[in-house]
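**Q** Sequence first, predicted model second:
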Amino acid sequence: MILAPLRGVTVRAFRRAFADAIREAGFSEAFTPFVPAAEGCDPLKDRELRDTAGEPVALTPQFIGKSPSALARCLEKIKDAGFETADLNCGCSFPMVRKKGRGSGLLRTPDLLRRMLDAGCSAMGDGKFSIKTRLGVERPDELLALLPLIDTYPLRFIAVHARTAVQMYDGECDSRALAEIEKASKTPIVENGDLDWRDRKGMVGRSFIRSLGERDDIGELLGRYAEICAAELCGERLVVGRLKELLAYWKDLPRWRRVWPFAKRLNSLSELLLAVAPSRR
Ligand SMILES: Cc1cc2nc3c(=O)[nH]c(=O)nc-3n(C[C@H](O)[C@H](O)[C@H](O)COP(=O)(O)O)c2cc1C
(Lines give C-alpha, C1' and ligand atoms only; values in the text may rest on other atoms or scores of the structure.)
Protein backbone atom coordinates (compact mmCIF):
# COMPACT_ATOMS: atom_id res chain seq x y z
CA MET A 1 0.00 0.00 0.00
CA ILE A 2 1.33 3.39 -1.03
CA LEU A 3 0.67 6.62 0.86
CA ALA A 4 -0.87 9.04 -1.66
CA PRO A 5 0.70 12.46 -2.09
CA LEU A 6 -1.41 15.19 -0.49
CA ARG A 7 0.17 18.58 -0.92
CA GLY A 8 0.18 20.47 2.38
CA VAL A 9 -0.67 17.28 4.29
CA THR A 10 1.59 14.26 3.66
CA VAL A 11 4.64 16.52 3.65
CA ARG A 12 8.08 15.67 4.99
CA ALA A 13 7.29 16.89 8.52
CA PHE A 14 4.08 14.83 8.53
CA ARG A 15 5.90 11.68 7.42
CA ARG A 16 8.32 12.11 10.33
CA ALA A 17 5.83 13.00 13.03
CA PHE A 18 3.45 10.20 12.02
CA ALA A 19 6.16 7.70 11.06
CA ASP A 20 5.00 4.92 13.39
CA ALA A 21 1.35 5.34 12.37
CA ILE A 22 2.36 5.18 8.68
CA ARG A 23 4.33 1.97 9.21
CA GLU A 24 1.75 0.38 11.51
CA ALA A 25 -1.03 1.04 9.00
CA GLY A 26 0.86 -1.11 6.49
CA PHE A 27 2.27 1.44 4.09
CA SER A 28 5.47 0.32 2.42
CA GLU A 29 6.00 3.42 0.27
CA ALA A 30 5.05 7.10 0.18
CA PHE A 31 4.90 9.55 -2.72
CA THR A 32 6.03 13.10 -2.03
CA PRO A 33 3.51 15.81 -2.82
CA PHE A 34 4.47 17.19 -6.22
CA VAL A 35 7.79 18.95 -6.65
CA PRO A 36 8.14 21.25 -9.68
CA ALA A 37 10.26 20.01 -12.59
CA ALA A 38 10.93 23.29 -14.34
CA GLU A 39 14.00 24.97 -15.79
CA GLY A 40 16.21 26.24 -13.01
CA CYS A 41 14.58 24.12 -10.26
CA ASP A 42 16.88 21.99 -8.15
CA PRO A 43 14.77 19.18 -6.67
CA LEU A 44 17.41 18.44 -4.05
CA LYS A 45 16.90 21.93 -2.63
CA ASP A 46 13.18 21.30 -2.26
CA ARG A 47 12.17 20.71 1.35
CA GLU A 48 10.59 17.40 0.36
CA LEU A 49 13.81 15.90 -0.93
CA ARG A 50 16.58 17.80 0.82
CA ASP A 51 17.05 15.30 3.59
CA THR A 52 15.69 11.78 3.66
CA ALA A 53 16.73 10.91 7.22
CA GLY A 54 13.77 9.68 9.23
CA GLU A 55 11.52 8.75 6.29
CA PRO A 56 9.28 5.96 7.62
CA VAL A 57 8.99 4.04 4.33
CA ALA A 58 10.50 4.06 0.84
CA LEU A 59 10.05 7.49 -0.71
CA THR A 60 9.14 8.16 -4.34
CA PRO A 61 9.53 11.77 -5.46
CA GLN A 62 6.67 13.03 -7.59
CA PHE A 63 7.25 15.74 -10.17
CA ILE A 64 4.93 18.10 -11.95
CA GLY A 65 5.79 19.94 -15.14
CA LYS A 66 5.65 19.96 -18.90
CA SER A 67 9.28 20.28 -19.92
CA PRO A 68 10.87 16.94 -20.88
CA SER A 69 14.40 18.38 -20.56
CA ALA A 70 13.71 19.86 -17.11
CA LEU A 71 12.17 16.56 -16.00
CA ALA A 72 15.20 14.63 -17.27
CA ARG A 73 17.57 16.96 -15.37
CA CYS A 74 15.58 16.67 -12.14
CA LEU A 75 15.47 12.89 -12.41
CA GLU A 76 19.22 12.62 -13.05
CA LYS A 77 19.81 14.66 -9.92
CA ILE A 78 17.58 12.62 -7.65
CA LYS A 79 18.93 9.38 -9.09
CA ASP A 80 22.48 10.50 -8.32
CA ALA A 81 21.29 11.31 -4.79
CA GLY A 82 20.12 7.69 -4.35
CA PHE A 83 16.40 7.76 -5.20
CA GLU A 84 15.46 4.66 -7.18
CA THR A 85 11.94 5.51 -8.28
CA ALA A 86 10.11 8.63 -9.44
CA ASP A 87 6.65 9.62 -10.58
CA LEU A 88 5.11 12.15 -12.95
CA ASN A 89 1.93 13.93 -11.92
CA CYS A 90 -0.53 13.54 -14.81
CA GLY A 91 -3.57 13.89 -12.59
CA CYS A 92 -3.62 17.25 -10.81
CA SER A 93 -7.11 18.55 -11.44
CA PHE A 94 -6.82 22.18 -10.38
CA PRO A 95 -8.00 24.29 -13.34
CA MET A 96 -4.97 26.62 -13.11
CA VAL A 97 -2.60 23.65 -13.40
CA ARG A 98 -4.63 21.68 -15.91
CA LYS A 99 -5.24 24.61 -18.26
CA LYS A 100 -1.52 25.33 -18.38
CA GLY A 101 -0.94 21.79 -19.61
CA ARG A 102 0.50 20.34 -16.43
CA GLY A 103 -0.94 17.58 -14.25
CA SER A 104 -4.08 16.16 -15.85
CA GLY A 105 -3.56 18.68 -18.69
CA LEU A 106 -0.89 16.29 -20.04
CA LEU A 107 -3.69 13.87 -20.97
CA ARG A 108 -4.75 16.44 -23.58
CA THR A 109 -1.30 16.73 -25.20
CA PRO A 110 -0.36 13.16 -26.16
CA ASP A 111 2.77 14.20 -28.02
CA LEU A 112 4.12 16.06 -25.00
CA LEU A 113 3.04 13.20 -22.73
CA ARG A 114 5.05 10.83 -24.96
CA ARG A 115 8.13 13.05 -24.65
CA MET A 116 7.70 13.26 -20.86
CA LEU A 117 7.47 9.45 -20.66
CA ASP A 118 10.55 9.18 -22.89
CA ALA A 119 12.47 11.49 -20.57
CA GLY A 120 11.23 9.74 -17.42
CA CYS A 121 11.90 6.18 -18.51
CA SER A 122 15.31 7.01 -20.02
CA ALA A 123 16.46 8.83 -16.89
CA MET A 124 15.17 6.36 -14.29
CA GLY A 125 15.46 3.07 -16.22
CA ASP A 126 12.99 0.28 -16.90
CA GLY A 127 10.34 -0.26 -14.23
CA LYS A 128 11.44 2.71 -12.11
CA PHE A 129 9.25 5.52 -13.41
CA SER A 130 5.49 5.74 -12.88
CA ILE A 131 2.67 8.14 -13.62
CA LYS A 132 -0.23 9.10 -11.40
CA THR A 133 -3.30 10.18 -13.26
CA ARG A 134 -7.09 10.26 -13.52
CA LEU A 135 -9.60 8.51 -15.77
CA GLY A 136 -9.56 11.52 -18.03
CA VAL A 137 -10.04 15.28 -18.02
CA GLU A 138 -13.75 15.46 -18.86
CA ARG A 139 -14.63 11.90 -19.87
CA PRO A 140 -13.84 8.66 -18.05
CA ASP A 141 -12.46 7.01 -21.21
CA GLU A 142 -9.60 9.41 -22.03
CA LEU A 143 -6.89 7.44 -20.22
CA LEU A 144 -8.20 4.27 -21.84
CA ALA A 145 -7.68 5.84 -25.28
CA LEU A 146 -4.10 6.76 -24.35
CA LEU A 147 -3.13 3.26 -23.17
CA PRO A 148 -1.72 2.15 -26.56
CA LEU A 149 0.74 5.06 -26.30
CA ILE A 150 1.47 4.68 -22.57
CA ASP A 151 1.89 0.90 -22.82
CA THR A 152 4.86 1.31 -25.15
CA TYR A 153 6.91 2.58 -22.17
CA PRO A 154 8.48 0.37 -19.48
CA LEU A 155 6.62 2.09 -16.67
CA ARG A 156 6.61 0.83 -13.11
CA PHE A 157 2.84 1.34 -12.92
CA ILE A 158 0.03 3.76 -13.61
CA ALA A 159 -1.69 4.97 -10.43
CA VAL A 160 -5.25 5.88 -11.36
CA HIS A 161 -7.53 8.06 -9.26
CA ALA A 162 -10.85 6.77 -10.56
CA ARG A 163 -12.45 10.16 -11.16
CA THR A 164 -12.15 12.63 -14.02
CA ALA A 165 -10.24 15.86 -13.49
CA VAL A 166 -13.31 18.08 -13.83
CA GLN A 167 -14.98 15.97 -11.16
CA MET A 168 -12.20 17.11 -8.79
CA TYR A 169 -13.26 15.22 -5.62
CA ASP A 170 -17.02 15.24 -6.17
CA GLY A 171 -19.22 12.24 -6.80
CA GLU A 172 -18.27 8.60 -6.75
CA CYS A 173 -15.22 6.87 -8.16
CA ASP A 174 -16.06 5.14 -11.44
CA SER A 175 -15.13 1.52 -10.75
CA ARG A 176 -16.43 0.36 -14.12
CA ALA A 177 -14.17 2.70 -16.04
CA LEU A 178 -11.27 1.64 -13.82
CA ALA A 179 -11.99 -2.05 -14.46
CA GLU A 180 -11.88 -1.40 -18.22
CA ILE A 181 -8.50 0.26 -17.84
CA GLU A 182 -7.21 -2.64 -15.72
CA LYS A 183 -8.37 -5.08 -18.38
CA ALA A 184 -6.87 -3.19 -21.31
CA SER A 185 -3.58 -2.05 -19.79
CA LYS A 186 -0.34 -3.94 -20.23
CA THR A 187 1.19 -1.71 -17.54
CA PRO A 188 0.31 -2.59 -13.92
CA ILE A 189 -2.46 -0.39 -12.54
CA VAL A 190 -2.44 0.88 -8.95
CA GLU A 191 -5.94 1.81 -7.86
CA ASN A 192 -6.58 5.09 -6.08
CA GLY A 193 -9.59 7.03 -4.86
CA ASP A 194 -11.72 6.52 -1.73
CA LEU A 195 -9.98 3.26 -0.73
CA ASP A 196 -10.10 2.27 2.94
CA TRP A 197 -6.59 2.02 4.38
CA ARG A 198 -7.73 -1.01 6.40
CA ASP A 199 -7.91 -3.01 3.16
CA ARG A 200 -4.17 -2.44 2.78
CA LYS A 201 -4.11 -2.18 -0.99
CA GLY A 202 -3.53 0.34 -3.73
CA MET A 203 -2.73 3.99 -3.09
CA VAL A 204 -4.48 5.57 -0.13
CA GLY A 205 -4.68 9.13 1.14
CA ARG A 206 -7.67 10.61 2.88
CA SER A 207 -9.08 7.56 4.69
CA PHE A 208 -5.76 7.17 6.49
CA ILE A 209 -5.54 10.87 7.32
CA ARG A 210 -9.09 10.76 8.68
CA SER A 211 -8.29 7.75 10.89
CA LEU A 212 -5.48 9.63 12.61
CA GLY A 213 -8.04 11.87 14.29
CA GLU A 214 -9.32 8.86 16.22
CA ARG A 215 -6.01 7.91 17.81
CA ASP A 216 -5.66 8.24 21.57
CA ASP A 217 -2.18 9.73 21.21
CA ILE A 218 -3.24 12.34 18.64
CA GLY A 219 -2.59 15.33 20.95
CA GLU A 220 1.00 14.19 21.42
CA LEU A 221 1.46 13.46 17.70
CA LEU A 222 0.15 16.91 16.78
CA GLY A 223 2.60 18.45 19.23
CA ARG A 224 5.46 16.63 17.54
CA TYR A 225 4.16 17.62 14.11
CA ALA A 226 4.02 21.27 15.18
CA GLU A 227 7.60 21.08 16.45
CA ILE A 228 8.95 19.64 13.19
CA CYS A 229 6.92 22.13 11.13
CA ALA A 230 8.19 25.03 13.25
CA ALA A 231 11.77 23.96 12.58
CA GLU A 232 11.30 24.09 8.82
CA LEU A 233 8.76 26.88 8.26
CA CYS A 234 9.23 30.59 8.76
CA GLY A 235 6.56 31.88 11.08
CA GLU A 236 3.89 30.60 13.40
CA ARG A 237 1.07 31.29 10.95
CA LEU A 238 2.42 28.70 8.53
CA VAL A 239 2.67 26.10 11.29
CA VAL A 240 -0.88 26.88 12.41
CA GLY A 241 -2.00 26.58 8.76
CA ARG A 242 -0.41 23.13 8.45
CA LEU A 243 -2.11 21.92 11.64
CA LYS A 244 -5.49 23.22 10.52
CA GLU A 245 -5.13 21.40 7.18
CA LEU A 246 -4.98 18.18 9.18
CA LEU A 247 -7.69 19.10 11.68
CA ALA A 248 -10.07 19.85 8.81
CA TYR A 249 -10.06 16.13 7.96
CA TRP A 250 -11.43 15.32 11.39
CA LYS A 251 -14.17 17.92 11.73
CA ASP A 252 -16.95 15.33 11.36
CA LEU A 253 -15.52 12.86 13.87
CA PRO A 254 -17.48 12.87 17.16
CA ARG A 255 -14.51 13.90 19.27
CA TRP A 256 -13.57 16.81 17.00
CA ARG A 257 -17.02 18.16 16.24
CA ARG A 258 -16.91 20.64 19.09
CA VAL A 259 -13.18 21.37 18.90
CA TRP A 260 -12.99 22.22 15.19
CA PRO A 261 -15.28 25.31 15.05
CA PHE A 262 -13.25 26.80 17.89
CA ALA A 263 -9.81 25.63 16.71
CA LYS A 264 -10.22 26.83 13.13
CA ARG A 265 -10.43 30.45 14.32
CA LEU A 266 -7.23 30.36 16.36
CA ASN A 267 -4.08 31.97 15.02
CA SER A 268 -1.76 31.29 17.91
CA LEU A 269 0.09 27.99 17.94
CA SER A 270 0.10 27.63 21.72
CA GLU A 271 -3.66 28.24 21.86
CA LEU A 272 -4.25 25.78 19.07
CA LEU A 273 -2.16 23.08 20.75
CA LEU A 274 -4.04 23.65 23.97
CA ALA A 275 -7.36 23.38 22.16
CA VAL A 276 -6.43 20.02 20.62
CA ALA A 277 -4.90 18.56 23.78
CA PRO A 278 -6.93 15.51 24.95
CA SER A 279 -7.63 17.09 28.36
CA ARG A 280 -9.70 19.80 26.69
CA ARG A 281 -11.93 17.39 24.79
C1 LIG B 1 -5.16 18.31 -0.29
C2 LIG B 1 -4.80 17.39 -1.41
C3 LIG B 1 -3.55 17.49 -1.99
C4 LIG B 1 -3.18 16.61 -3.03
N5 LIG B 1 -1.93 16.71 -3.58
C6 LIG B 1 -1.57 15.84 -4.58
C7 LIG B 1 -0.24 15.87 -5.15
O8 LIG B 1 0.64 16.65 -4.75
N9 LIG B 1 0.02 14.99 -6.14
C10 LIG B 1 -0.91 14.09 -6.61
O11 LIG B 1 -0.61 13.31 -7.50
N12 LIG B 1 -2.14 14.03 -6.07
C13 LIG B 1 -2.47 14.86 -5.07
N14 LIG B 1 -3.72 14.75 -4.50
C15 LIG B 1 -4.60 13.63 -4.89
C16 LIG B 1 -4.38 12.43 -3.96
O17 LIG B 1 -3.07 11.94 -4.07
C18 LIG B 1 -5.35 11.27 -4.27
O19 LIG B 1 -5.23 10.95 -5.62
C20 LIG B 1 -6.79 11.63 -3.96
O21 LIG B 1 -6.92 12.25 -2.70
C22 LIG B 1 -7.69 10.37 -3.99
O23 LIG B 1 -7.23 9.39 -3.09
P24 LIG B 1 -7.89 9.21 -1.62
O25 LIG B 1 -9.37 9.14 -1.81
O26 LIG B 1 -7.29 7.93 -1.08
O27 LIG B 1 -7.49 10.41 -0.83
C28 LIG B 1 -4.11 15.62 -3.48
C29 LIG B 1 -5.36 15.53 -2.88
C30 LIG B 1 -5.72 16.38 -1.85
C31 LIG B 1 -7.07 16.22 -1.22
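**A** Yep, it's here. Numbering: from 1, shown residues only.

**Q** Can you name the residue of this protein nearest the ligand?
**A** Closest to the ligand within the chain is Gly205: 2.9 Å, counting by Cβ to the nearest ligand atom. To be clear about C-beta, it is placed using only N, CA and C from the backbone, and glycine gets the same treatment.

**Q** Setting the sequence-adjacent residues aside, check what's closest to that residue.
**A** In space, and not counting its chain neighbours, Gly205 is closest to Ala4: 3.3 Å by Cβ to Cβ, 6 or more residues apart in numbering.

**Q** tell me the pLDDT at that neighbour?
**A** Ala4 is assigned 98 on the pLDDT scale.

**Q** Residue ranges of each domain in the chain, please.
**A** 2-212, 218-280 (automatic domain parsing).

**Q** How far off centre is the shortest one?
**A** Here domain 218-280 shows a centroid-to-chain-centroid distance of 21 Å under the convention Cα atoms, centre = their mean, to the nearest Å.

**Q** what sits against Lys132?
**A** 5, 31, 62, 87-91, 158-161, 192, 203 (Cβ atoms under 8 Å, 6 or more residues apart in numbering).

**Q** contacts with the ligand among these, please.
**A** Pro5, Gln62, Asn89, Gly91, His161, Asn192 (Cβ under 6 Å from any ligand atom).

**Q** most neighbours, which of those residues?
**A** Gly91 (28 neighbours; other Cβ atoms under 10 Å).

**Q** What residues sit buried inside whatever helix or strand Asp118 lives in?
**A** Under the criterion of DSSP states H and E, Asp118 resides in helix 110-124. Of the residues in helix 110-124, those buried by neighbour count under the rule 16 or more other Cβ atoms under 10 Å are Leu113, Arg114, Arg115, Met116, Leu117, Ala119, Gly120, Cys121, Ala123, Met124.

**Q** export those to JSON lines and tack on distance to Met168 and pLDDT?
**A** What follows is those, written out as JSON lines (distance: Cβ to Cβ, whole Å; pLDDT from 0 to 100):
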{"residue": "Leu113", "distance to Met168": "21", "pLDDT": "98"}
{"residue": "Arg114", "distance to Met168": "27", "pLDDT": "98"}
{"residue": "Arg115", "distance to Met168": "27", "pLDDT": "98"}
{"residue": "Met116", "distance to Met168": "23", "pLDDT": "98"}
{"residue": "Leu117", "distance to Met168": "25", "pLDDT": "98"}
{"residue": "Ala119", "distance to Met168": "28", "pLDDT": "98"}
{"residue": "Gly120", "distance to Met168": "26", "pLDDT": "98"}
{"residue": "Cys121", "distance to Met168": "29", "pLDDT": "98"}
{"residue": "Ala123", "distance to Met168": "31", "pLDDT": "98"}
{"residue": "Met124", "distance to Met168": "30", "pLDDT": "98"}
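
**Q** Tabulate these (CSV), appending distance to Ala58.
**A** As requested, the buried residues of helix 110-124 are exported to CSV (distance: Cβ to Cβ, whole Å):
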residue, distance to Ala58
Leu113, 26
Arg114, 28
Arg115, 28
Met116, 23
Leu117, 22
Ala119, 23
Gly120, 18
Cys121, 20
Ala123, 19
Met124, 14
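
**Q** pLDDT on stretch 187-201, on average?
**A** So the average pLDDT for stretch 187-201 ends up being 98.

**Q** Quick check: end-to-end length of that stretch?
**A** By Cα to Cα, to the nearest Å, the extent of stretch 187-201 from end to end equals 17 Å.
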